[in-house]
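A.B. asks: this is a predicted model, with the sequence first.
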Amino acid sequence: MKYSLQGIVLTEKFEGVRLSAYLDQVGVPTIGYGHTRGVKLGDTCTQEQAEQWLMEDIQACELCVNYHITVPLTQGEFDALVDFCFNLGCGALTGSTLLRKLNSSDFSGAAGEFEKWSHAGGKVVAGLLKRRIEEENEFLS
């Protein structure tokens with residue numbers, strides 16, 4: 001499956017775009033739309049580079065979701081999982097109870113797992129909780 005335009009809008013909404021590197025909530029150097037690979041403080045990019053990285057990072061998340069999910073998905077379910085993977089990484093998805101429940105066809109149970117991933121640095125973060133709720137809603141749509 002491929003990430004939809006609605007999914008891209010969801011990711012852009014929560015990531016925002018910053019053309020100068022910054023430390024995210026857990027201290028990871030980040031630039032553009034949440035891009036972290038190879039980033040160091042002091043880096044800058046153009047809007048075009050930020051958009052290119054966004055599409056590359058989304059493609060990696062699409063591959064992760066398509067590879068690890070063994071049940072058929074709706075577009076909303078797929079988009080929610082790609083955004084989840086984009087924000088938390090493929091490793092978080094592959095080691096999650098969310099994945100285990102989903103691949104066991106427990107879609108309701110899987111949906112209930114999103115909000116458990118609203119912590120950064122051991123604390124609930126309002127923005128992450130809002131993102132998880134929107135992912136859950138997209139998953140259930």
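C.D. replies: That came through fine.
A.B. asks: could you check how far Arg37 is from Thr30?
C.D. replies: Separation of Arg37 from Thr30 (CB to CB, to the nearest Å): 10 Å. In short, each C-beta sits where N, CA and C put it, glycine included.
A.B. asks: looking at those two now, which is surrounded by more residues?
C.D. replies: Neighbour totals were compared for Arg37 and Thr30, and Thr30 leads with 20 against 9 (other CB atoms under 10 Å).
A.B. asks: so that one sits in a strand?
C.D. replies: Yes. With DSSP: H, G, I helix; E, B strand; the rest coil as the criterion, Thr30 is assigned to a strand.
A.B. asks: tell me which residues touch the residue nearest to it when sequence neighbours are not counted, please.
C.D. replies: Leaving aside its sequence neighbours, Thr30 sits nearest to Asp24 (CB to CB, 6 or more residues apart in numbering; 4.6 Å). By CB atoms under 8 Å, 6 or more residues apart in numbering, the contact list for Asp24 reads Thr30, Gly34, Thr36.
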